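# Would you be able to build a 3D model of this:
(chains A, B, C and D)
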Protein chains: 2
Amino acid sequence: MRHSGTTLTDVARAAGVSLSTASLAFSGAGPISDATRDKVLAAAAELGYHGPNPVAASLRRGRSGVVGIVMGAAVRRAFRDPVSIQFLDGIVATLAAQGYGTLLLSTPEAQELPDALLTHGAMDAAVLTAGALTSRRTLAALRARGVPMVQLGGTGRHGPAVRARDKQGMKLLGEHLRERGHERVAVATLPWHVEPRSGPVDLASARRATSPITARRLDGLREAGIEPVAAWECSASLVEEGIAAGKELLAARPTALVGFTDLIAAGLLLAARDAGLAVPADVAVAGFDGVDLPWLGEVRLTTAVQPTADIGRLAAEAAVTLAEGGTARSVTVDVELRLGTTT
Amino acid sequence: MRHSGTTLTDVARAAGVSLSTASLAFSGAGPISDATRDKVLAAAAELGYHGPNPVAASLRRGRSGVVGIVMGAAVRRAFRDPVSIQFLDGIVATLAAQGYGTLLLSTPEAQELPDALLTHGAMDAAVLTAGALTSRRTLAALRARGVPMVQLGGTGRHGPAVRARDKQGMKLLGEHLRERGHERVAVATLPWHVEPRSGPVDLASARRATSPITARRLDGLREAGIEPVAAWECSASLVEEGIAAGKELLAARPTALVGFTDLIAAGLLLAARDAGLAVPADVAVAGFDGVDLPWLGEVRLTTAVQPTADIGRLAAEAAVTLAEGGTARSVTVDVELRLGTTT
DNA sequence: CACGGGCCGCGAATCGATTCGACGACCGCC
DNA sequence: GGCGGTCGTCGAATCGATTCGCGGCCCGTG
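Model prediction:
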């Protein structure tokens, strides 16, 4: 963006027209004769001018054609989790198709650093990702700027939310397990609170999880009439965490293992195999998300499938609507049970 | 970005100072007394003003604090491949740490649509990703705008390139296999040409691959003195492709299978297991990239490890340097052999 | 031939800041 | 007490476009 040299003024001069006419030739917003347009475009080509400076246009228009994705401090985590990647994927693809750019923003670690958002947050709308326990400062800044926000999997407090029916999904899964006659179910959950940790959870005495996803998924199981015989908190959605959880949970002699994500469930499955148990004969395994796990080979995990691509798309569409001055409502999408070979 | 209402002018008026002084209070670039600054900041807080409008600042400064990542038409692909995700991860994290935002750009499918780049490409530098056979128009636009470019894994034709020593990596891998006494090596490659396909490759008659990565990796194997007994082209870096390739390649009775990526190699491994072959006793398997494959369980894949995080970081650093007017040189990073349990 | 209406091109204001030279006040020193 | 030097503040120009109202010209019509 350093001074590219030729500006629209130069082009106008070269074409022998006024600045305003030259602008019209590019934007097409207004009456202009073909002859004049061609003249301007020819002059532009001559000078190597490739269209109006986006920054200047944004300033004047008051819109930048960019939607920000606010990832909080969790950039790295977001890129390691297949589900958030699928969200991102859906968002970026949809935005691109609508002619919008995507600005990835993370709140810097150091609190007092100039927030990137404040420095170059030229966006027409923002998508707040779930993992990001977005800082109050960030939210305040966005709000003050008048940037409309869409929340991914959140509460909808800061704007319309797009989320999956987590509870319903887990309920379906739980009912399925009960139908199969499983009474002793052990769960490997996602983190319960802001500070993630790995370790056992005593369900009888535990306070309700403050992390909404964990709370909702557990609620779903319970609504299906399942009270887990053992629970293990995984600090993240990782196969390794699932393996570790599985090793511990199997001590409770469960007939079914439920992972709060497919990666965790895959870990549970590997742990069960390692322990010499046959799946599903000796122990059933189920997950949540519906991510692709081609490496399980012939085995297909029973899981509650979130339509991740749709969620991303819906979030992007809502963001675009808001960016263009419209209004959008929260959407909750259904989660579907996909029966595999593990239950 | 729709008119947020309060501007720096309002703040200045409320604080009883001039516009220029108010600007100084925020930018800190220039002499200003503490008292005045506090007065301005207080007035700003009062009015709910959260810092200067980034677009206006960008226009004036001539820099936007944003680095674009150009993904060509391959957005979706980029989000499905763990290696490019790791690149992205490294880039985004580094840029964020330096106070830069990251703009994800994809050339739209439809050729004649207004290129997002042209419409809102407010960036100080761009990183061209490898997969993206970036359209000439995009390149021309960037060049004309004077946006400096860094190439990821490219040829360095459009700017400094950051790449891995692919050939050396494959050579190390090949030498390792030869030391182990493997003479019959079969390979599952990445796509050879712009148009990816899945299918057998007749190495004897095949033209050199036009895809640089494929060509360089194959060269590496050959430099190690390995002339594959069979080759299969995979259309993408996917486990499924590797499985399919494995099924076919095993017909040639190889003693070792080399996948051009770890995902492909993982597929080869699964295919070998499926065929009832023990790894590495009956057939050895090796890959390239060094991605995390926790689901292989105890098995660790022998592979040539690219320092993906470093590559991302270096690309981002080069981009920042260029953005700030400096110059950067191409960097080629070493690939390391990591011995696993599969050879 | 005169008048009304389109069509097109032009001027000028504006978006919201940054930045630099100029200027005023205040201090200290001789 | 006067003068030079700082420190801080202010004005004004500028970044590169968009947009809207105005007006000239040409054509058709009465």
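
# Poorly predicted segments of chain A, please.
Residues of chain A meeting the criterion pLDDT under 70: A:1-4, A:72-75, A:107-121, A:131-137.

# And the strands in it, which stretches?
A:66-70, A:101-105, A:125-128, A:149-152, A:161-164, A:185-189, A:199-201, A:230-233, A:256-259, A:284-289, A:302-305, A:331-333, A:336-338 (DSSP state E).

# helices and strands around the last one, which ones?
Using 3 or more Cβ pairs under 8 Å, 6 or more residues apart in numbering or on different chains; DSSP states H and E, the elements in contact with strand A:336-338 are helix A:166-179, strand A:302-305. Heads up, the C-betas are built off the backbone N, CA and C, glycines and all.

# Tell me which of the strands of chain A sits nearest to DNA strand C.
strand A:66-70 (16.1 Å; Cβ to the nearest atom of the strand).

# CA atoms only: put that closest one into CSV for me.
Output of strand A:66-70 as CSV, limited to C-alpha atoms (Å, rounded to 0.1, in the frame of the first residue of the first chain):
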residue,chain,number,x,y,z
VAL,A,66,-13.9,-7.3,5.1
VAL,A,67,-15.3,-9.4,7.8
GLY,A,68,-13.2,-10.1,10.8
ILE,A,69,-12.9,-13.4,12.6
VAL,A,70,-12.0,-12.8,16.2
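
# and among the helices and strands packed on strand A:336-338, the most buried is which?
strand A:302-305 (a mean of 25; mean count of other Cβ atoms under 10 Å in any protein chain shown).

# what's the spacing between it and its chain's center?
Chain-centre distance of strand A:302-305: 18 Å, with Cα atoms, centre = their mean, to the nearest Å.

# What of stretch A:228-240?
With Cα atoms, centre = their mean, you get 21 Å for stretch A:228-240.

# How about that stretch, which residues are buried there?
A:228-234, A:236-240 (16 or more other Cβ atoms under 10 Å in any protein chain shown).

# for stretch A:304-324, same thing?
Quick answer for stretch A:304-324 (16+ other Cβ under 10 Å): A:304-309, A:311-323.

# Return the residues of chain A in contact with DNA strand D.
A:3-4, A:7-9, A:19-20, A:23-24, A:26-27, A:29-30, A:52-53, A:55-57, A:59-61 (Cβ under 7 Å from any atom of the strand).

# buried subset of the residues you listed?
Applying 16+ other Cβ under 10 Å to these flags A:4, A:7-8, A:23-24, A:26, A:52-53, A:55-57, A:59 as buried.

# Mind telling me the two of those farthest from one another?
A:Ser4 and A:Leu24 (20.9 Å; Cβ to Cβ).

# and the strands of chain A, which is most packed in?
strand A:256-259 (a mean of 33).

# List the strands paired with that one, with their directions.
strand A:185-189 (parallel), strand A:284-289 (parallel) (DSSP bridges).

# Domains of chain A: list them as residue ranges, please.
A:8-61, A:66-164+A:309-333, A:166-305 (automatic domain parsing).

# is the shortest one up against DNA strand C anywhere?
Yes - Domain A:8-61 lies within reach of DNA strand C by Cβ under 7 Å from any atom of the strand, at A:16-21, A:24, A:30-33, A:35-36, A:56, A:59-60.

# and the two most separated of these?
Longest span within the residues of domain A:8-61 next to DNA strand C, Cβ to Cβ: A:Ala35 and A:Leu59, 30.5 Å.

# which one is the residue lying farthest from the centre of chain A nearest to, not counting chain neighbours?
Distance to the chain centre peaks in chain A at A:Gly16, reaching 50.1 Å (criterion: Cα atoms, centre = their mean). Leaving aside its sequence neighbours, A:Gly16 sits nearest to A:Lys39 (Cβ to Cβ, 6 or more residues apart in numbering or on different chains; 7.4 Å).

# Spit out the contact partners of that neighbour.
A:15-17 (Cβ atoms under 8 Å, 6 or more residues apart in numbering or on different chains).

# Give the buried residues for stretch A:288-302.
Here stretch A:288-302 shows A:288-291, A:293-296, A:299, A:301-302 as buried, counting by 16+ other Cβ under 10 Å.

# What about A:Leu203, how many residues nearby?
15 (other Cβ atoms under 10 Å in any protein chain shown).

# looking at it, it is touching A:Glu227, isn't it?
Yes - A:Leu203 is in contact with A:Glu227 according to Cβ atoms under 8 Å; the separation is 7.4 Å.

# Skipping adjacent residues, who's closest to A:Gly90 in space?
Nearest non-adjacent residue to A:Gly90 (Cβ to Cβ, 6+ apart): A:Gly312, at 2.0 Å.

# no no, A:Glu46
A:Glu46 sits nearest to A:Ala14 (Cβ to Cβ, 6+ apart), 6.6 Å away.

# what about that neighbour, neighbour count?
A:Ala14: 18 neighbours (other Cβ under 10 Å).

# Isn't it up against A:Leu47?
Yes - at 6.0 Å, A:Ala14 and A:Leu47 qualify as touching, with contact defined as Cβ under 8 Å.

# Can you name the residues of the stretch 201-343 of chain A that neighbour chain B?
Within reach of chain B by Cβ under 8 Å from any Cβ of the partner chain, the stretch 201-343 of chain A has these residues: A:238-240, A:243, A:266-267, A:270, A:273-274, A:293-297, A:325.

# cutoff 7 Å now
Counting by Cβ under 7 Å from any Cβ of the partner chain, the stretch 201-343 of chain A comes close to chain B at A:239-240, A:266, A:270, A:294-295, A:297.

# Nearest to A:Arg178 among these?
A:Ala266 (22.9 Å).

# so how far is DNA strand C from the closest residue to that closest one other than its chain neighbours?
In space, and not counting its chain neighbours, A:Ala266 is closest to A:Val239: 5.3 Å by Cβ to Cβ, 6+ apart. Counting by Cβ to the nearest atom of the strand, to the nearest Å, the gap from A:Val239 to DNA strand C is 47 Å.

# List the residues that contact A:Val239.
A:263, A:266-267, B:294-295 (Cβ atoms under 7 Å, 6 or more residues apart in numbering or on different chains).

# what's the spacing between A:Arg180 and chain B?
25 Å (Cβ to the nearest Cβ, to the nearest Å).

# so that residue touches A:Leu339, yeah?
No - with contacts counted by Cβ atoms under 7 Å, A:Arg180 stays clear of A:Leu339, the gap being 10.2 Å.
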